[in-house]
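> Quick one, structure for this:
(chains A and B)
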2 protein chains.
Amino acid sequence: MENSCLDQPPHQVVIVGGGFGGLYAAKALAKAPVNVTLIDKRNFHLFQPLLYQVATGNLSPADISSPLRSVLSKNKNTQVLLGSVNNIDPQGQKVILGDEAIPYDTLIVATGAKHSYFGKDEWEEFAPGLKTVEDAIEMRRRIFTAFEAAEKETDPVKRRAWLTFVIVGGGPTGVELAGAIAELAYQTLKEDFRKIDTSEARILLLEGMDRILPPFSPDLSQTAEKSLKELGVIVQTKTLVTNIENDIVTIKQGDGVREIASKTILWAAGVKASPMGKVLAESTNVELDRAGRVIVESDLSIKGYSNIFVIGDLANFSHQDGKPLPGVAPVAKQEGEYVATLIEQKLKGNILPAFNYISRGSLAIIGRNLAVVDLGLIKLRGFFAWLFWLLVHIYFLIEFKNKLIVIIQWAWNYATHNRGARLITGEELPTPTKLDDSHTYYDSPNSRQPVKV
Amino acid sequence: MENSCLDQPPHQVVIVGGGFGGLYAAKALAKAPVNVTLIDKRNFHLFQPLLYQVATGNLSPADISSPLRSVLSKNKNTQVLLGSVNNIDPQGQKVILGDEAIPYDTLIVATGAKHSYFGKDEWEEFAPGLKTVEDAIEMRRRIFTAFEAAEKETDPVKRRAWLTFVIVGGGPTGVELAGAIAELAYQTLKEDFRKIDTSEARILLLEGMDRILPPFSPDLSQTAEKSLKELGVIVQTKTLVTNIENDIVTIKQGDGVREIASKTILWAAGVKASPMGKVLAESTNVELDRAGRVIVESDLSIKGYSNIFVIGDLANFSHQDGKPLPGVAPVAKQEGEYVATLIEQKLKGNILPAFNYISRGSLAIIGRNLAVVDLGLIKLRGFFAWLFWLLVHIYFLIEFKNKLIVIIQWAWNYATHNRGARLITGEELPTPTKLDDSHTYYDSPNSRQPVKV
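Numbering: from 1, shown residues only, chains lettered A, B, ... in the order given. As a prediction, this is how the structure comes out:
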């Protein structure tokens, strides 16, 4: 073990969380004269930007996951620990893991975010979100089970509810899910069923604001909306979801309140910080924002503790233009690398200027040959945006083997329109639809106020 | 819909089960003047011979699964139905599926086998078997969690139990699992841990008979045993498992009774017929053998019902040399194709000679560059057997994309010794070992009768 201060034990860095922030921090510390312990609940790093492709049967979980131990096996100053942190003792400089206490000199907290139902946690059962491998497998189960159940259903109103897919939230994840389900229904599965015509499926994308993809420029939002509509997605902006219960989404559009009968409701609307934010607030009195994120200083440390850093989706860094940085992979990655450099320089007695995020733009894929890319000055759409999106995602996948496998799967799917990973696994098949006939159904003759499309 | 008898509705063939037997029967009926309905509980065909590679983190479930609808989408006379058959009405010629009755003119039952604990079903909790995707993911979770738990365990005796892997059953699946776990422990994971030395792991393969791989010739069994030992596997033949409970396997070797402390016990010892055998026996009075398999006539139909066929692992076909045919993929495939031909010929007024299985040999892989192949006259071992095993498995994988992906994964793993699909998913991490100190531990100083190795 290398050590620059020969008389002292090496500086201990503990990183909690192996997402983009934590993993890039650990990688950047590979040659620093420190010992690193990376703690994660899971034994793998998950490439979340491609999780929607697992949910829609395009890729397998392992294609976008990298075992943390194998990614870091060459970093001899680093150990990986599988476990869940329950508490932090900032005075004693310890992280509490079950009945174990792990000492640290510097702590980096990078536990990310989970989806948020804006206080309506009871919606989760009916409208799962997409943050973990298990979430993706559950979404995949629901999407493919819906087509199977429609094939068996003889009541046309209930069959319609099985073939109605509602995606709540018009950010990149919602747009990507809607585009992928449209491709499934209108292309991939077209030949596979005998009793239903999958092209009768309705895919609704609901967004509260006046345009989808709010982080993009308005003209790119418009392009994306037009492309989605050409794919067959029904895009509804200025649409607030006021209730979700068994198979029914209630929406508010202006003064009108409507109900949509759907057996497959997917949540892509909001995130909140992981519970570690609260743990930190209780132990260090650090301030949290409304989404539960930790307000960090300009060097990503927290107030009063220059040796505790919070990075990635858990951090609220507002020193750049007053607004918090978005919860995306490039922010987490740059923050992780910044903190690693800061630690290394600090050990040498140097200081670093404040963290400065360099945005390289926003990307969202809509479907085959269709994406939007906003690089600030340069804006791409259509085929070139799509190619750019593919290359960027391949480039940032952690392991070479995953890059190779994903390229082949994509090339195959592109050539054949097929998707091989559409396994229905996990729970049993649902029992036949339990929709109550007193409910209104989307766009059915009985709807009280059918949504116009 | 083509139909040879213009005045009648087409002949209805119902196939229950989409494994090798059912799928190959459906494929062989593609051009026959019949309507085919294939019913399966799952929406995919699973290539079971490679399931152990999912269990050991080498492949993803989707790599060895093919959506039944997509495999059969070009067969316009075939429909796929997702569902579980509860009963059969042989007089009314109907299959009962929930509250639906599906009429048939000819019925093919191919629901396979599941693992059997020889009446000790309580062992399943401690020693899972390997038949489904979920089984494989559970095995994978246990195997990789064991290394993680060992890394955290400070008590050397308990750590030893975490690093002891017991595989019960020395048939092909047991041999393949033992070889793969040995490669994991002694090669793949070698650099990944900091506190444990994974090469201290013990992998025990227990077999009741006097040699492993009983279906092979004795000299090939010997080669396999030698190769496994060189890989580091502890092979124990003439060893009966008399009890399995929480973390303890009790074995009987001659007159000696010994206990082995192990946190990871994997079952590869026995199979029994799926419950459809019993359903058939109750509705048709057909005879079952001791393993619950249906005794079939020489044309694979059942006594008294010339329009009901049973094929694959569910069938006991003993007309060839008095012994039932083994429960392997080639038998199921040939039986499925035979019944398809028989149905087609019968509709033309022709009859077919009795079914005759043409064995093309037995294969088992042990590890890198190591396999045994018994083709009767030709026996291969070592590198050429290994190459032959790879080619045969690639050849029989159902879809071209799966062939491609599996080739790449294998080439990658071969070149790098790495395994990417070692995700621990599903249930939470187990709580720290609950081993009671009063138990004896394998090969520990406190063992009453440690197994000599």
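> Just the element for whichever residue of the stretch 351-453 of chain A sits closest to chain B, please.
Chain B sits closest to A:Ala421 of the stretch 351-453 of chain A, with a gap of 3.7 Å, by C-beta to the nearest C-beta. Backbone N, C-alpha and C define where each C-beta goes, glycine included. If you go by DSSP states H and E, A:Ala421 is not part of any helix or strand.
> likewise A:Val373?
strand A:370-374.
> Would you list the strands that the very next helix or strand once past that strand pairs with, along with their directions?
Next in sequence after strand A:370-374, counting helices and strands by DSSP H and E, comes strand A:379-381. In the sheet, strand A:379-381 lines up against strand A:370-374 (antiparallel) (DSSP bridges).
> Return the set of buried residues in the partner strand.
A:370-374 (16 or more other C-beta atoms under 10 Å in any protein chain shown).
> Return the residues in contact with the nearest residue to A:Tyr52 once chain neighbours are set aside.
With C-beta to C-beta, 6 or more residues apart in numbering or on different chains as the criterion, A:Tyr52 has its nearest non-adjacent residue at 4.6 Å, and that residue is A:Glu176. A:Glu176 is in contact with A:52, A:364-366, counting by C-beta atoms under 8 Å, 6 or more residues apart in numbering or on different chains.
> so which of those would you say is closest to B:Thr145?
Here the nearest of those to B:Thr145, counting by C-beta to C-beta, is A:Tyr52; it sits at 27.9 Å.
> That closest one and B:Lys152, how far apart?
34 Å (C-beta to C-beta, to the nearest Å).
> the more surrounded of the two?
A:Tyr52 (26 against 19; other C-beta atoms under 10 Å in any protein chain shown).
> quick check, the more buried one in a strand?
No. Assessed by DSSP: H, G, I helix; E, B strand; the rest coil, A:Tyr52 does not belong to a strand; its assignment is helix.
> Please point out which parts of the lowest-mean-pLDDT helix or strand in chain A sit buried.
The helix or strand of chain A with the lowest confidence, counting by mean pLDDT, DSSP states H and E, is helix A:400-416 at a mean of 86. For helix A:400-416, burial by neighbour count (16+ other C-beta under 10 Å) applies to A:401-406, A:408-410, A:412-413.
> residues from the stretch 201-350 of chain A in reach of chain B?
Residues of the stretch 201-350 of chain A lying near chain B by C-beta under 8 Å from any C-beta of the partner chain: none.
> which intervals of the stretch 201-350 of chain A have sub-threshold pLDDT?
By pLDDT under 70, the stretch 201-350 of chain A has no low-scoring segment.
> Count the neighbours of A:Pro156 for me.
Neighbours of A:Pro156 under the rule other C-beta under 10 Å: 10.
> got it, and A:Asp40?
Neighbours around A:Asp40, by other C-beta under 10 Å: 24.
> Equivalent analysis for A:Gln222, please.
Close neighbours of A:Gln222, defined as other C-beta under 10 Å, add up to 16.
> what separates it from B:Gly254, distance-wise?
Taking C-beta to C-beta, one finds A:Gln222 at 81 Å from B:Gly254.
> Next: A:Lys190.
Distance, A:Lys190 to B:Gly254, by C-beta to C-beta: 64 Å.
> the more surrounded of the two?
Using other C-beta under 10 Å, the more surrounded residue of A:Lys190 and B:Gly254 is A:Lys190, with 14 against 8.
> who are the neighbours in contact with that one?
A:198-199.
> quick revisit: tell me which strands and helices the least confident helix or strand of chain A is in contact with?
With contacts taken as 3 or more C-beta pairs under 8 Å, 6 or more residues apart in numbering or on different chains; DSSP states H and E, helix A:400-416 sits against helix A:382-396, helix B:400-416.
> Now do the SS call for A:Leu342.
At A:Leu342 the chain is in helix, as set by three-state DSSP.
> Without its sequence neighbours, what residue ends up closest to it?
Nearest to A:Leu342 is A:Leu352, by C-beta to C-beta, 6+ apart, at 4.8 Å.
> isn't the one you found right up against A:Ala340?
No. A:Leu352 lies out of contact with A:Ala340 (C-beta atoms under 8 Å); the separation is 10.8 Å.
> With neighbour numbers in mind, choose between these two.
Applying other C-beta under 10 Å to A:Leu352 and A:Ala340 shows that A:Ala340 carries more neighbours, namely 24 against 14.
> isn't A:Trp405 right next to B:Trp410, touching?
Careful, residue A:405 is Ile and not Trp. No. Contact criterion C-beta under 8 Å: A:Ile405 and B:Trp410 do not qualify, at 11.9 Å.
> Show me the strands in the stretch 101-250 of chain A, by range?
Here the stretch 101-250 of chain A has its strands, by DSSP state E, counting those that start in this stretch, at A:106-109, A:113-115, A:164-168, A:202-206, A:233-236, A:239-245, A:248-253.
> Parallel or antiparallel, list what pairs with the longest one.
Paired with strand A:239-245 in the same sheet, following DSSP bridges, are strand A:248-253 (antiparallel).
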